[in-house]
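J.: give the three-dimensional model of this entry:
(one chain, ligands or ions: 1)
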Amino acid sequence: MSADPNWKPASPEPERDTSLADLKAFPPRFDPAWAPAGPDVAAVLSGDPDPLRSLAEARIPAIILRGAYPAADCAGLIGRFISRGLMPDPAATASSAEPRRRIDIGTSLGNRGGDREAFFQHAAETQALFKSLFDGFRNPVDTLYGSLAALAGGKRVLTAREPDGRSYGPAIFRIHYGDHAYAPHFDHVRLREKRFTYAASRFVNQFAGILCLQNDTPNGGGTQTIVHHRLWTPEVEPALSSGTFHAYAHAQGIGSCAVGLNPGDLYFFNTQCIHEVPALLGKSPRIVLAVFIGYSPDDDEIFVWS
Ligand SMILES: O=C(O)CCC(=O)C(=O)O
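T.: Numbers count the residues shown, from 1 in each chain. Sure thing, here's the model as predicted:
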């Protein structure tokens, strides 16, 4: 698999400058009463025996597991991506000056699911690539799945698959360049992408798991995710599609939570909550390992895909 410079959003995004001006005019109201659970699995479970249900009901904005993956292995993996030609070397000005806004290493259902055969073919290539990509480092995909399983109260955590046995991409590295931003949006395989022909659409709730490998600035700080205390419903859609969600949140008194991450930190959140990653301002690409997660309170399985 080679770097994929042709990333396009799964659905049209609002005009970026409108969103950014809106964020400046109506900064989020951070709500200390809507606090993430953490900082490790034991502490989360001692405060709440069923944290995924709490996430599904948006009673907490996120579960943040600090230092879930070794920071040294984050740096080592990035070196490997560069040496294998999966991402450009930021030190090589010729390639880093190319106008790439996001590179994926992995298979995105949102971007590729329109062509079912090509999607499963690509997912098989990702599975093959991941067999050796992490050799010599701790396997970050195992860290993500293992952490989720530890929080899942006995439910079986597995890569999403169809009844014919074909499985999806297990996880995806997303490398965000320059002033890349995710405007306020939600993700849901049924409610947003409407991929009813995929088995992952059986789940009621969708979460994301995000492991930070590198921020856009070193030593903390930098651009971080904001999760808003508002589950998507059709009523909120006009504010999302017009790029005016921040004004809407201000008018409605919607609280928010900023998720500040360092390399090695892992967080889970409910992707039906409106969320965003404001424009990157630092010089380094922001690099994460990401998954989507299908969860239903009364389903013994949890599906994971990218
Ligand atoms: O990179 C992140 O922290 C969140 C990305 C995001 O918005 C998403 O997965 O929907």
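J.: and the strand or helix carrying Val304, how far from the chain's centre?
T.: Taking DSSP states H and E as the definition, Val304 sits inside strand 301-305. Here strand 301-305 is found 14 Å from its chain centre; the criterion is Cα atoms, centre = their mean, to the nearest Å.
J.: that one packs against which elements?
T.: Helices and strands touching strand 301-305, by 3 or more Cβ pairs under 8 Å, 6 or more residues apart in numbering; DSSP states H and E, are helix 140-151, strand 156-159, strand 286-295. C-betas here are computed from N, CA, C, even on glycine.
J.: helices or strands next to the last one in the packing?
T.: The one in question is strand 286-295. helix 140-151, strand 172-176, strand 205-214, strand 301-305.
J.: Serialize the ones you listed to a markdown table and add fields for distance to Ala92.
T.: Listed next are these as a markdown table, based on distance: least, Cβ to Cβ, whole Å:
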| stretch | distance to Ala92 |
| --- | --- |
| helix 140-151 | 25 |
| strand 172-176 | 15 |
| strand 205-214 | 17 |
| strand 301-305 | 33 |
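J.: quick check: the residue of the stretch 1-150 of the chain nearest the ligand.
T.: Nearest to the ligand, among the residues of the stretch 1-150 of the chain, is Gly110, at 9.0 Å (Cβ to the nearest ligand atom).
J.: output the below-cut-off pLDDT ranges for the stretch 101-250 of the chain.
T.: 219-221 (pLDDT under 70).
J.: enumerate the residues of it near the ligand.
T.: 182, 187, 208, 210, 225 (Cβ under 6 Å from any ligand atom).
J.: so what's the fourth one up against?
T.: Ile210 makes contacts with 225, 261, 266-269, 288-290, as judged by Cβ atoms under 8 Å, 6 or more residues apart in numbering.
J.: beta partners of it?
T.: Bridge pairing for Ile210 (DSSP bridges) gives the partners Tyr267, Ala290.
J.: oh, and call the first residue 116 from now on, that's how I've got it
T.: I'll keep to 116 as the first residue from here, and by that count the last item is Ile325.
J.: make sure Ser316 is actually in contact with Arg307.
T.: No - assessed by Cβ atoms under 8 Å, Ser316 is found out of contact with Arg307, at 11.1 Å.
J.: hey, what's in contact with both of those two?
T.: Joint contacts of Ser316 and Arg307 (Cβ under 8 Å, 6+ apart) do not exist.
J.: quick one, what contacts His344?
T.: 146, 149, 173, 176, 369-372, 388.
J.: most surrounded residue in these?
T.: Pro176 (27 neighbours; other Cβ atoms under 10 Å).
J.: residue contacts, that one?
T.: 149-151, 342, 344, 371-372, 374, 384, 388.
J.: what of Ser262?
T.: 156, 180, 183, 324, 381.
J.: pull the most distant pair out of those.
T.: Distances among the contacts of Ser262 were taken as Cβ to Cβ; the most separated pair is Val156 and Gly324, at 13.1 Å.
J.: compare these two (neighbour count), which wins?
T.: Gly324 (24 against 19).
J.: about what we covered before: need the winner for burial among the helices and strands packed on strand 416-420.
T.: Of those, the one with the most neighbours on average (mean count of other Cβ atoms under 10 Å) is strand 401-410, at a mean of 24.
J.: got the angle between that one and strand 416-420?
T.: 150 degrees (axes from the mean of the first three to the mean of the last three Cα atoms, to 10 degrees).
J.: got the CA coordinates for strand 401-410 in PDB?
T.: Taking Å, rounded to 0.1, in the frame of the first residue of the first chain, the C-alpha atoms of strand 401-410 are listed here in PDB:
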ATOM      1  CA  ARG A 401      -1.000  15.700  13.600                       C
ATOM      2  CA  ILE A 402      -0.900  11.900  13.400                       C
ATOM      3  CA  VAL A 403      -3.400   9.600  15.000                       C
ATOM      4  CA  LEU A 404      -4.500   6.000  14.800                       C
ATOM      5  CA  ALA A 405      -8.300   6.000  14.500                       C
ATOM      6  CA  VAL A 406     -11.100   3.500  14.600                       C
ATOM      7  CA  PHE A 407     -14.900   3.700  14.500                       C
ATOM      8  CA  ILE A 408     -16.800   1.400  17.000                       C
ATOM      9  CA  GLY A 409     -20.300   0.000  16.700                       C
ATOM     10  CA  TYR A 410     -22.000  -0.600  20.000                       C
END
